[in-house]
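Q: For reference, the sequence and a predicted model appear below.
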Amino acid sequence: MVVSSSGDVQVETELKYDRQSELKAFDDTKAGVKGLVDSGLAKLPRMFIDDQFQLNGKPECSNWKFSIPVIDLDSVDRSARQRTEVIEQVREACAKWGFFQVVNHGIPVSVLDETIDGIRRFHEQDIEEKKWFYSRDYSKNVLYNTNFDFYSAPSTNWRDSLTCVMAPDPPTPEELPAVCRDIILEYSKEVTKLALTLFELMSEALGLEPNHLKNMGCAEGLSLLGHYYPACPEPGLTMGISGHADSGFLTVLLQDHIGGLQVLHENQWLDVHPIHGGLLISNDKFVSLYHRALARDTGPRISVACFLRTQFPEESSRLYGPIPELLSEENPQVYRETTIKEFRLRKISMGFTSHESSGEIESRSPMILGFNSLAHAYHLREYLTRPLGLASVRWIRELVEVHAISSTNMNDK
């Protein structure tokens with residue numbers, strides 16, 4: 001079937017499916033996935049059907065066997081002993097899991113709830129108000145659309161997104177949607193403060209000085225994505241977000257109670273159950289874990305992902321490599337130094353099998369964080385050989401913001 005410019009779903013009559021025409025017709029409506037649901041959609045348009053995703057009943061997840069670690073940050077500044085205990089928990093969780101949840105992170109629950117409500121208000125306002133933000137021009141600081149890799153991905157994910165680039169060059173307040181302007185500004189400030197605390201813990205977990213990652217510029221860039229997942233008529237045929245690994249330093253995701261996040265652990269997809277006010281951190285000393293978000297027949301579901309990245313000029317001749325403090329005779333350099341341009345070309349040539357790096361993670365007034373700095377070069381080979389969830393040229397351009405890591409095996413010399 002195809003979607004007409006008016007948003008109506010029509011039965012496909014051609015023997016040969018014209019995906020690009022269906023995509024263009026959908027995009028021209030500027031109504032997004034929510035517009036389809038509002039029109040009374042009962043069957044999933046072909047553009048959303050993911051042939052790689054086979055969901056036969058409940059996905060395999062042995063949650064009785066595994067439990068994602070939960071770390072309480074409340075005691076981190078009470079004493080040196082308690083801080084050391086928290087850092088050790090972070091180190092162990094990073095090495096064994098790649099994901100762990102944190103609680104008592106300092107952001108008021110009222111701010112979390114209002115952020116969810118603000119993103120809901122934006123997506124549920126009249127299309128005539130919302131369409132002014134609809135764009136695929138990723139040079140803009142504020143835009144809304146359906147999927148970043150809309151025209152290049154093999155299938156379309158079931159969600160709409162509001163994107164706000166909040167740092168290093170923030171939009172003016174007038175550029176932000178009026179229905180969620182104040183809370184986006186407040187939430188962005190809270191997330192930045194939290195990220196700086198987490199970067200200290202991550203630095204110490206790596207055996208570095210507390211300000212090491214901060215001084216590397218890990219918190220210079222902040223992008224906020226407000227995702228809206230309407231109830232899906234056929235959730236077994238599509239994904240909310242396809243499987244991917246994040247590429248930035250830290251991904252903070254706030255989302256409501258509906259759930260849908262799964263992480264890949266020991267070759268099994270595991271549900272990440274919501275924790276009220278919880279946060280999740282992802283790495284693999286310190287590499288992002290592969291994860292995805294399911295489509296649901298209930299909703300709408302709301303999530304707000306914040307990506308913290310540093311900013312590098314693409315044409316810079318500066319060489320980046322492993323953090324020197326982490327190298328030794330026992331842990332020698334595995335990857336040669338590389339320029340940003342070389343890193344990007346390398347990543348693009350590898351191709352991407354999944355969708356955007358939105359850091360999809362679960363929680364009920366929660367947030368989830370993905371620490372993906374790849375600070376330990378020894379583990380980079382695994383990162384370079386797994387598919388990443390990148391979308392659009394803008395996101396590919398930001399791949400390098402994993403920072404201070406080489407992209408090419410020294411054997412490639």
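A: Received it, and whenever you're ready, just let me know what you need.
Q: dump the residue contacts of residue 136.
A: 27, 143, 145, 150, 392 (Cβ atoms under 8 Å, 6 or more residues apart in numbering). From N, CA and C alone the C-beta is placed, and that goes for glycine too.
Q: If we use 10 Å, what do you get?
A: 27, 143, 145, 146, 147, 148, 150, 151, 392, 394 (Cβ atoms under 10 Å, 6 or more residues apart in numbering).
Q: same deal with residue 199?
A: Here residue 199 is in contact with 210-216, 218-219, 249-250, 308, 371, 373 (Cβ under 10 Å, 6+ apart).
Q: Apply 7 Å and report the result again.
A: By Cβ atoms under 7 Å, 6 or more residues apart in numbering, the contact set of residue 199 is 213, 214, 218, 219.
Q: now it: how far from residue 248?
A: As judged by Cβ to Cβ, to the nearest Å, residue 199 and residue 248 stand 12 Å apart.
Q: Looking at residue 93 now. What's its pLDDT?
A: Residue 93 is assigned 79 on the pLDDT scale.
Q: ok, now the one 3 residues further on?
A: On pLDDT, residue 96 comes in at 76.
Q: neighbours around residue 42, how many?
A: 8 (other Cβ atoms under 10 Å).
Q: now swap in the one 4 residues further on and tell me
A: If you count neighbours by other Cβ under 10 Å, residue 46 ends up with 16.
Q: My guess is it contacts residue 17. True?
A: Yes. Shown here, residue 46 and residue 17 form a contact pair, counting by Cβ atoms under 7 Å, at 6.4 Å.
Q: on that earlier part again, among the contacts of residue 199, find the lowest-pLDDT one for me.
A: Among those, residue 218 has the lowest pLDDT, at 82.
Q: Help me confirm that it comes into contact with residue 248.
A: No. Counting by Cβ under 7 Å, residue 218 does not reach residue 248; the two are 8.8 Å apart.
Q: can you list residues touching both of those two?
A: residue 308.
Q: Pull out the buried positions in the longest helix along the chain.
A: For the chain, the longest helix by residue count, based on DSSP state H, is helix 181-205. Under the neighbour-count criterion of 16 or more other Cβ atoms under 10 Å, helix 181-205 has 181, 183-184, 186-188, 190-192, 194-205 buried.
Q: Following element in sequence after it, please.
A: helix 212-215 (DSSP states H and E).
Q: what does that following helix contact?
A: Helix 212-215 has contacts (Cβ under 7 Å, 6+ apart) with 196, 199, 202, 203, 373.
Q: Helices of this protein, residue ranges please.
A: Using DSSP H, helices in the chain cover 19-29, 32-38, 80-96, 109-124, 127-130, 181-205, 212-215, 340-350, 380-385, 393-397.
Q: now the third one against helix 181-205, angle please.
A: The directions of helix 80-96 and helix 181-205 differ by 90 degrees, with axes from the mean of the first three to the mean of the last three Cα atoms, to 10 degrees as the criterion.
Q: Summarise which helices and strands helix 80-96 is packed against.
A: strand 70-72, helix 181-205 (3 or more Cβ pairs under 7 Å, 6 or more residues apart in numbering; DSSP states H and E).
Q: Throw the ones you listed into TSV and include mean pLDDT and distance to residue 105, thanks.
A: Output for those, formatted as TSV (pLDDT from 0 to 100; distance: least, Cβ to Cβ, whole Å):
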stretch	mean pLDDT	distance to residue 105
strand 70-72	88	9
helix 181-205	93	6
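Q: could you dump those to TSV with distance to residue 259?
A: TSV is the format used below for the helices and strands packed on helix 80-96 (distance: least, Cβ to Cβ, whole Å):
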stretch	distance to residue 259
strand 70-72	16
helix 181-205	21
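Q: Those: which one's closest to residue 123?
A: Comparing the helices and strands packed on helix 80-96 by their distance to residue 123 (Cβ to Cβ), the top pick is helix 181-205, with 13.4 Å.
Q: Just want the angle from that closest one to helix 109-124.
A: 120 degrees.
Q: returning to what we had before: show me which of the contacts of residue 199 is closest to residue 128.
A: For the contacts of residue 199, the nearest to residue 128 is residue 219 (37.2 Å; Cβ to Cβ).
Q: That closest one and residue 166, how far apart?
A: 11 Å.
Q: same thing with residue 240?
A: Distance from residue 240 to residue 166, by Cβ to Cβ: 23 Å.
Q: same deal with residue 141?
A: On the measure of Cβ to Cβ, residue 141 and residue 166 end up 8 Å apart.
Q: Give the residue from those two that has the larger number of neighbours.
A: Set side by side, residue 141 and residue 166 show more neighbours around residue 166, with 22 against 16, by other Cβ under 10 Å.
Q: my guess is the more buried one contacts residue 188, does it?
A: Yes. Counting by Cβ under 7 Å, residue 166 sits close enough to residue 188 to count as a contact (4.5 Å).
Q: overlap in contacts of those two?
A: Contact criterion Cβ under 7 Å, 6+ apart; residues shared by residue 166 and residue 188: 222, 224.
Q: Tally up the residues packed near residue 231, please.
A: Residues contacting residue 231 under the criterion other Cβ under 10 Å number 15.
Q: Over to residue 324?
A: 8.
Q: One more: residue 67?
A: When neighbours are counted by other Cβ under 10 Å, residue 67 comes out with 10.
Q: got it, and residue 326?
A: With other Cβ under 10 Å as criterion, residue 326 counts 17.
Q: If I look at it, what pLDDT would I see?
A: For residue 326, the predicted pLDDT is 73.
Q: hey, what's residue 338 bridged with?
A: residue 320 (DSSP bridges).
Q: what's the spacing between it and residue 326?
A: Counting by Cβ to Cβ, the gap from residue 338 to residue 326 is 17 Å.
Q: Run through the residues that contact residue 19.
A: residue 47.
Q: and the gap between it and residue 152?
A: Residue 19 is 11 Å from residue 152, where distance means Cβ to Cβ.
Q: do residue 305 as well
A: 20 Å.
Q: Over to residue 87?
A: 41 Å.
Q: more neighbours, these two?
A: A side-by-side neighbour count of residue 87 and residue 152, using other Cβ under 10 Å, places residue 87 first with 21 against 11.
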